[in-house]
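1. I need the structure of the sequence given here:
(chains A and B)
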2 protein chains.
Amino acid sequence: MTSTSLNNTVPAPQSTPSYADIQSIVANDFEVMDKQVFGSLNSKVQLVMSVSQHVINAGGKRMRPLITLLCARMFDDNPSEKAMHLAAITEMLHTATLVHDDVIDESGQRRGKPTANATWDNATAVLVGDYLIARAFNLLVGFQSLPLLQVFSDGTCDIAEGEVLQLQHQHNPAATEEDYLRIIDGKTSRLFMMATQGAAILQDKTEYMTALGDFGQHFGNAFQIIDDVLDYSGDSEVMGKNLGDDLAEGKPTLPTIKALELLKDSDTEGYEQLRIAVQTGKTPNAEQLIELVRSSGSLAYCKQRALEETKLAQDALSTLPDNRYRTGLYQLTELASARLV
Amino acid sequence: MTSTSLNNTVPAPQSTPSYADIQSIVANDFEVMDKQVFGSLNSKVQLVMSVSQHVINAGGKRMRPLITLLCARMFDDNPSEKAMHLAAITEMLHTATLVHDDVIDESGQRRGKPTANATWDNATAVLVGDYLIARAFNLLVGFQSLPLLQVFSDGTCDIAEGEVLQLQHQHNPAATEEDYLRIIDGKTSRLFMMATQGAAILQDKTEYMTALGDFGQHFGNAFQIIDDVLDYSGDSEVMGKNLGDDLAEGKPTLPTIKALELLKDSDTEGYEQLRIAVQTGKTPNAEQLIELVRSSGSLAYCKQRALEETKLAQDALSTLPDNRYRTGLYQLTELASARLV
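-> Next comes the predicted model:
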């Protein structure tokens, strides 16, 4: 089946379905999963419980577990509870990385809610993040599946390495698109891959591992590029963060990397301003810098790259079982793309 | 075999053997292990490698891997390289917890060497600590042993919980000896248990799991109590940290907990001073407070408790195979006790 025939299986949408629409395809599973994220915390240490519950409560849309649930149903319309449980674990791992990210970035808020480091302190956030990582592995061992453990332990290394690589390139205006792709491949796309491939292992459909890996990787890349574009073009109230946050942290994301490349020959002064902003993380003229990135043509390039990654993710779906759950995965990628317009 | 007969198998030492003496029993294994701690790091991210190598280089005596090596040889005089590999992993896990501990405690030095957070920054230390945890699990999966993964993933949860519990009781002068024991059971003794039990699983000697667990737990308890006593009585140059560090961090360790109990009725003013020091972590009169703890009789109690724990650890050895490696484990406990006098 080609991607064209896949497109034919998806009713040409007048408008992109909402996240709630997609979630409703696996509504019952989602509800079970959501309870299990909390239910899987069983520490006798009160502070572990209160912080963990806080950060899981403050969680977002649970997109990674939704991906796992859709994959599991795509392979088996009556999957065991293991799928919900694995989905909960992906969310737990994701939460752990966010808790540590917020320490790193000294963030006071995430999605408009106070972070763990702001509510308690850095020490608590570091250690509860450690607990969540350890507990996620502990729960994974419960599946008694070595292939699953291999995928998740390989993946967790890659995630940590992606995060360190991002730190290594902080304040580096010479970072390239290739560096950026290596960073997001680790910090973002890897967990998307784990969320999909984990479901295949549980359902004993390992013949789809490559296709799922491709889907997860490209969808993750698209998702992160879009997220980074929105840092320069989004609605800060909707995003729960300020425009230009990445720049103020000296993070060379694709919008900045491409803008620097485009400005280098056309606008020496603008290039130098942006270069120094990345290098120092000092942006007293933030609005002007954001406008500089916008007017450079960089965002159009990033959007194009995001669409290419989305297309690759959608193509990867074409070899997977053709049913409404696969359509749900396809719609998720469309929905992510739609954040661009 | 009783502990008395065990004592008979150990040549009554004129003086406690040195750490190097004990290490020499497994000299070759130790060398292989030490190389593997570094060799197991295989990140392509330069910053991951340099920080990991720095913290592993700055490591201590590698006592936990030494325990694993002695246990493995105790069961099999010609163990596979797996034992050295597992020993290296216990050191990696231990290093990860130290890296995060130093962030928590804002430590600039450990054992006289600059910490990762001081050499780089907190962000780097948090993320490289995460990598070391992830990599340790990744390597553990390589053994393809679910029982081993169960012990290590249960244990890593307990370690993280012990660390959070310690934080929960920071600045709490009402912490009890029971609270303290729960803390050290997690943060210290659990890894000693994993180091011993892991070897038994690898060597297929699971009939010794209980005895090894008892040994690890009580030895760990003794070791931590002694460490905490030395914070009030040790030679700061030898220890690589200052006397009274725990008090200055508001950590209620056994010496303080017992001193508060003893002073409560006999020295109301001293009690109040110490209580406030724990509560605030402010110790402008540190020398006076240390003297207060010393003269309260608390340290004698702590030493007695450490000796009891040491004795329990030694008793647990009595059911294990009687050979020179078991003697090495016994001598390790004696050596730890000797730090008290």
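
2. going on from the worst-scoring helix or strand of chain A on mean pLDDT, what's the next piece of helix or strand?
-> Sorting the helices and strands of chain A by mean pLDDT, DSSP states H and E puts helix A:3-9 at the bottom, at a mean of 41. Note on helix A:3-9: by DSSP states H and E, the next helix or strand toward the C-terminus is helix A:19-25.

3. which residues outside whichever helix or strand comes after that following helix are in contact with it?
-> On the C-terminal side of helix A:19-25, the nearest following helix or strand under DSSP H and E is helix A:27-39. Contact with helix A:27-39 is made by A:23, A:53, A:56, A:59, A:62, A:65-66, A:69, A:72-73, A:79, A:81, A:83-85, A:87-88, A:91-92, as judged by Cβ atoms under 8 Å, 6 or more residues apart in numbering or on different chains. From N, CA and C alone the C-beta is placed, and that goes for glycine too.

4. buried ones only from those residues, please, as a PyMOL command.
-> To isolate the buried ones among the contacts of helix A:27-39 in PyMOL, judged by 16 or more other Cβ atoms under 10 Å in any protein chain shown, type:
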select buried, chain A and resi 23+56+59+62+65+66+69+72+73+79+83+84+85+87+88+91+92
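
5. contacting residues for A:Ser295?
-> Counting by Cβ under 8 Å, 6+ apart, A:Ser295 has no contacts.

6. ok, now with 10 Å
-> By Cβ atoms under 10 Å, 6 or more residues apart in numbering or on different chains, the residues touching A:Ser295 are A:Ala259, A:Leu262, A:Leu263, A:Asp267, A:Gly270.

7. just to revisit the earlier point, what about the contacts of helix A:27-39, which are in helices?
-> Applying DSSP state H to the contacts of helix A:27-39, the entries found in helices are A:23, A:53, A:56, A:65-66, A:69, A:72-73, A:81, A:83-85, A:87-88, A:91-92.

8. from A:Thr210, how far out is A:Ile133?
-> Using Cβ to Cβ, to the nearest Å, A:Ile133 is found at 27 Å from A:Thr210.

9. of the two, who's got more company?
-> Legend: neighbour count by other Cβ atoms under 10 Å in any protein chain shown for A:Ile133 and A:Thr210, higher for A:Ile133 (27 against 13).

10. secondary structure element holding that one?
-> Here A:Ile133 is assigned to helix A:122-141, by DSSP H and E.

11. picking that back up, Serialize the contacts of A:Ser295 to a markdown table and add fields for pLDDT and neighbour count.
-> Shown next, in a markdown table, are those (pLDDT from 0 to 100; neighbours: other Cβ atoms under 10 Å in any protein chain shown):
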| residue | pLDDT | neighbour count |
| --- | --- | --- |
| A:Ala259 | 98 | 29 |
| A:Leu262 | 97 | 18 |
| A:Leu263 | 97 | 23 |
| A:Asp267 | 96 | 16 |
| A:Gly270 | 96 | 21 |
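
12. need those residues in a markdown table (columns: secondary structure).
-> Output for these, formatted as a markdown table (DSSP: H, G, I helix; E, B strand; the rest coil):
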| residue | secondary structure |
| --- | --- |
| A:Ala259 | helix |
| A:Leu262 | helix |
| A:Leu263 | helix |
| A:Asp267 | coil |
| A:Gly270 | helix |
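
13. which among those gets closest to A:Glu309?
-> The closest of the contacts of A:Ser295 to A:Glu309 turns out to be A:Ala259 (Cβ to Cβ; 19.2 Å).

14. can you get me a residue count around A:Ser107?
-> A:Ser107: 18 neighbours (other Cβ under 10 Å).

15. same deal with A:Leu340?
-> Residues near A:Leu340, counting by other Cβ under 10 Å, number 18.

16. can you pull the residues of the stretch 151-300 of chain A lying near chain B?
-> A:151-170, A:182-183, A:186 (Cβ under 10 Å from any Cβ of the partner chain).

17. swap the cut-off to 8 Å and go again
-> Counting by Cβ under 8 Å from any Cβ of the partner chain, the stretch 151-300 of chain A comes close to chain B at A:Ser153, A:Asp154, A:Thr156, A:Cys157, A:Ile159, A:Ala160, A:Glu161, A:Glu163, A:Val164, A:Leu165, A:Leu167, A:Gln168.

18. swap in the stretch 1-150 of chain A?
-> A:43-48, A:51, A:100, A:103-104, A:122-124, A:126-131, A:133-135, A:137-138, A:140-141, A:144, A:146, A:149-150.

19. which of those residues are buried?
-> In these, burial by neighbour count holds for A:43, A:45, A:47-48, A:51, A:100, A:103-104, A:122-124, A:126-131, A:133-135, A:137-138, A:140-141, A:146, A:149, counting by 16+ other Cβ under 10 Å.

20. neighbours around A:Lys61, how many?
-> 12.

21. just A:Trp120 next, same as before
-> Quick note: A:Trp120 (other Cβ under 10 Å) scores 18 neighbours.

22. and the pLDDT for the nearest residue to A:Phe215 once chain neighbours are set aside?
-> The shortest distance from A:Phe215 to any non-neighbouring residue, by Cβ to Cβ, 6 or more residues apart in numbering or on different chains, is to A:Ala316 (4.0 Å). pLDDT for A:Ala316: 98.

23. for the residue nearest to A:Gly244 when sequence neighbours are not counted, give me its contacts.
-> In this structure, A:Gly244 finds its nearest non-sequential neighbour in A:Ala286, 4.6 Å apart by Cβ to Cβ, 6+ apart. By Cβ under 8 Å, 6+ apart, A:Ala286 lies in contact with A:Leu243, A:Gly244, A:Leu247, A:Ala248.

24. got a PyMOL select line for the buried ones in those residues?
-> Applying 16+ other Cβ under 10 Å to these, the buried members can be selected in PyMOL as follows:
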select buried, chain A and resi 243+244+247+248
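
25. contacting residues for the residue in the stretch 201-341 of chain A positioned nearest to chain B?
-> Nearest residue of the stretch 201-341 of chain A to chain B, counting by Cβ to the nearest Cβ: A:Glu249, 10.4 Å away. For A:Glu249, the contact set (Cβ under 8 Å, 6+ apart) comprises A:Asp105, A:Gln170, A:Gly281.

26. can you give me the pLDDT of the first one?
-> For A:Asp105, the pLDDT comes out at 87.

27. ok, for it, nearest residue in space, not its chain neighbours?
-> Closest residue to A:Asp105 apart from its sequence neighbours, by Cβ to Cβ, 6+ apart: A:Glu249 at 6.1 Å.

28. and that neighbour, its phi and psi?
-> phi -90, psi 0 (degrees, to the nearest 10).

29. need the strands for chain A, in chain order.
-> Per DSSP state E, chain A carries strands over the ranges A:109-110, A:113-114.

30. which residue ranges of the stretch 151-300 of chain A form helices?
-> Along the stretch 151-300 of chain A, counting by DSSP state H, counting those that start in this stretch, helices occupy A:177-184, A:190-202, A:209-233, A:236-239, A:245-248, A:254-266, A:268-280, A:286-295, A:298-317.

31. quick one: buried residues of the third one?
-> Pointing back at helix A:209-233 there. Residues of helix A:209-233 classed as buried by neighbour count (16+ other Cβ under 10 Å): A:209, A:211-232.

32. other SSEs contacting it?
-> helix A:63-75, helix A:177-184, helix A:190-202, helix A:245-248, helix A:254-266, helix A:286-295, helix A:298-317, helix A:324-338 (3 or more Cβ pairs under 8 Å, 6 or more residues apart in numbering or on different chains; DSSP states H and E).

33. just the C-alpha atoms of the shortest one, please, in CSV.
-> In other words, helix A:245-248. Output of helix A:245-248 as CSV, limited to C-alpha atoms (Å, rounded to 0.1, in the frame of the first residue of the first chain):
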residue,chain,number,x,y,z
ASP,A,245,12.1,31.7,25.3
ASP,A,246,14.5,29.5,23.3
LEU,A,247,16.5,32.5,22.2
ALA,A,248,16.6,33.9,25.7
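
34. chain center to that helix: distance?
-> Put simply, helix A:245-248 sits 18 Å off its chain's centre (Cα atoms, centre = their mean, to the nearest Å).
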